[in-house]
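Q: Here's my sequence, what's the structure:
(one chain, ligands or ions: 1)
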Amino acid sequence: MKKIIRYLGLLTSLCLLVMVLSSCGSKKASDQSVLSRAKQTNTIVWGVKADTKLFGLMDVKDSQIKGFDVDMAKALTKQILGPTGKASFIQVSSQTRIPLLKNGNIDAVIATMTITPDRQKVVDFSNHYFNAGQSLLVKKGSPIKSVKDLNKSGTQVLAVTGANSVANFQKVAPKAKVLELQDYAQALQALKSGQGKALTTDNGILLGMAVENPGYKVVGGAFTKEPYGIAVNKGQKTFVKKINQALKQLRANGEYDKIVKKWFGNISGFDYKEAEK
Ligand code: GLU
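A: Sure thing, here's the model as predicted:
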C-alpha cells in the first residue's frame, strides 16, 4: 500500500512538472518573437487609422488606406525585411489600437499615437517619428479663439474615445464638458451638427479635416506636445531596436523627409519642419 501511495505521489509531481514546463513553452501570440515571425512570413502587420485624413484614411475608390502613417509603415517594412517585404494593414481606432496589439492581431501600431507614460506601462514605443500638438477645430466665424474661451460650464467640446486629447483638454479647461465619439469621422459629424463648440485633437488631424471642409478652421495654436511613436508589445526588444534603426536610416537617406513633405508640405498652417524634429 505504502509503495502505491509513494508511486502515486511521484506520478503527481511528474505531472505537475510537465504541466509547468509545457505552459512555459506555449507562449501567447503577443509574446512570441514578432521579428522572427515577420521574417518567416516576409510580412509586418501594422495597425493604422482609416478615419484620419493625412495619416490613415480609407480611399473608397480603391479600398486602400492612405496617409503619412501608412507610407511610413511601408518604408519601415522595406528597411526591416528588405525590398520584397510586405506591409499588411489592419484598421484600428484610438480606442482599439492597444487591445488589438495586446491580442496579437497586429505586430505594431503606427496610428497618430502619442508616447505617454500611462501607455508605456502597457506597451513599448519606438523613438518618436513625428511631433504634433493638440489644438481646436471650430466653425469659421466662431468666437472661440483658444482653449480659454471654452473653459466655461455648459460648454461642450468633442473628442474621440481612447485619445489622450480628452484628459489633456480636461486639464486645461476643467469647467467644460467633453462629449466622446467613437472615431474622427463621427466627431467631425458631431461638430457639423452643432453638438459641440469645438473638436479637439492633434493639429495635423484637424488640419486634414479643415482641408476637406473649408467652412472650418484650426484655432488656438498647440497647447500640448504630442510626440508620435510606434507601439509594440512588451518583450519585443529586438523588434523595437530594428524599428529604431529603420527610422534612423529613413531619416538619413532622405526618404522620411520625402514622406513628410508629400503629406504636409502643402498644408498651410502646419510647420512640418517642427513635426520632423
Ligand atoms: N495623439 C493623440 C493620441 O494618441 C490623439 C490622436 C489619436 O486619437 O490617435 O491619443
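
Q: Leaving out the residues flanking it, which one is nearest to whichever residue of the stretch 151-277 of the chain sits closest to the ligand?
A: Residue of the stretch 151-277 of the chain nearest the ligand, by Cβ to the nearest ligand atom: residue 163 (3.2 Å). Yep, even glycine has a C-beta here, placed from its N, CA and C like the rest. Closest residue to residue 163 apart from its sequence neighbours, by Cβ to Cβ, 6 or more residues apart in numbering: residue 94 at 4.4 Å.

Q: Same question for the one you found, what's its three-state structure.
A: coil (DSSP: H, G, I helix; E, B strand; the rest coil).

Q: Can you give me the distance of it to residue 149?
A: 25 Å (Cβ to Cβ, to the nearest Å).

Q: more neighbours, these two?
A: In this view residue 94 and residue 149 are compared by other Cβ atoms under 10 Å, and residue 94 has more residues nearby, 25 against 19.

Q: give me phi/psi at the more buried one?
A: phi -60, psi -30 (degrees, to the nearest 10).

Q: Could you number the chain from 252 rather than 1 from now on?
A: In the new numbering, first residue 252, that becomes residue 345.

Q: Contacts only, for it.
A: By Cβ atoms under 8 Å, 6 or more residues apart in numbering, the contact list for residue 345 reads 362-363, 411-414, 434.

Q: Then residue 477?
A: Here residue 477 is in contact with 365, 382-385, 415, 453 (Cβ under 8 Å, 6+ apart).

Q: Show me where the stretch 402-528 of the chain has its strands.
A: Assigned by DSSP state E, counting those that start in this stretch, the stretch 402-528 of the chain shows strands spanning 407-411, 428-432, 449-453, 467-470, 477-479, 482-483.

Q: So which other helices or strands are in contact with the first one?
A: Under the contact criterion of 3 or more Cβ pairs under 8 Å, 6 or more residues apart in numbering; DSSP states H and E, the helices and strands touching strand 407-411 comprise helix 416-423, strand 428-432, helix 435-443, strand 449-453.

Q: for the third one, same thing?
A: Under the contact criterion of 3+ Cβ pairs under 8 Å, 6+ apart, strand 449-453 touches strand 385-390, strand 407-411, helix 416-423, helix 435-443.

Q: Dump these into JSON lines; add mean pLDDT as well.
A: Listed next are the helices and strands packed on strand 449-453 as JSON lines, based on pLDDT from 0 to 100:
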{"stretch": "strand 385-390", "mean pLDDT": "98"}
{"stretch": "strand 407-411", "mean pLDDT": "98"}
{"stretch": "helix 416-423", "mean pLDDT": "98"}
{"stretch": "helix 435-443", "mean pLDDT": "97"}
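
Q: closest to residue 353 out of those?
A: Smallest distance to residue 353 across these (Cβ to Cβ): 19.8 Å, for strand 407-411.

Q: Identify the residues contacting that closest one?
A: 344-346, 401, 416-417, 420, 424, 427-435, 438, 441-442, 446-452.

Q: Up against the ligand, what does the stretch 252-401 of the chain have?
A: The stretch 252-401 of the chain comes close to the ligand at residues 345, 363-365, as judged by Cβ under 6 Å from any ligand atom.

Q: Is it correct that residue 330 is in contact with residue 503?
A: No. In this structure residue 330 lies outside contact range of residue 503 using Cβ atoms under 8 Å: 10.7 Å.

Q: higher neighbour count, these two?
A: It is residue 330, of residue 330 and residue 503, that has more neighbours when counted by other Cβ under 10 Å, with 20 against 9.

Q: Now the more buried one. Nearest residue, chain neighbours left out?
A: residue 497 (3.6 Å).

Q: tell me the pLDDT at that neighbour?
A: At residue 497, the pLDDT value in this model is 98.

Q: tally of neighbours for it?
A: Applying other Cβ under 10 Å, I find that residue 497 has 20 neighbouring residues.

Q: Likewise for the one 4 residues further on?
A: Other residues lying near residue 501 total 20 when counted by other Cβ under 10 Å.

Q: Likewise for the one 4 residues further on?
A: Look at residue 505: counted by other Cβ under 10 Å, it has 9 neighbours.
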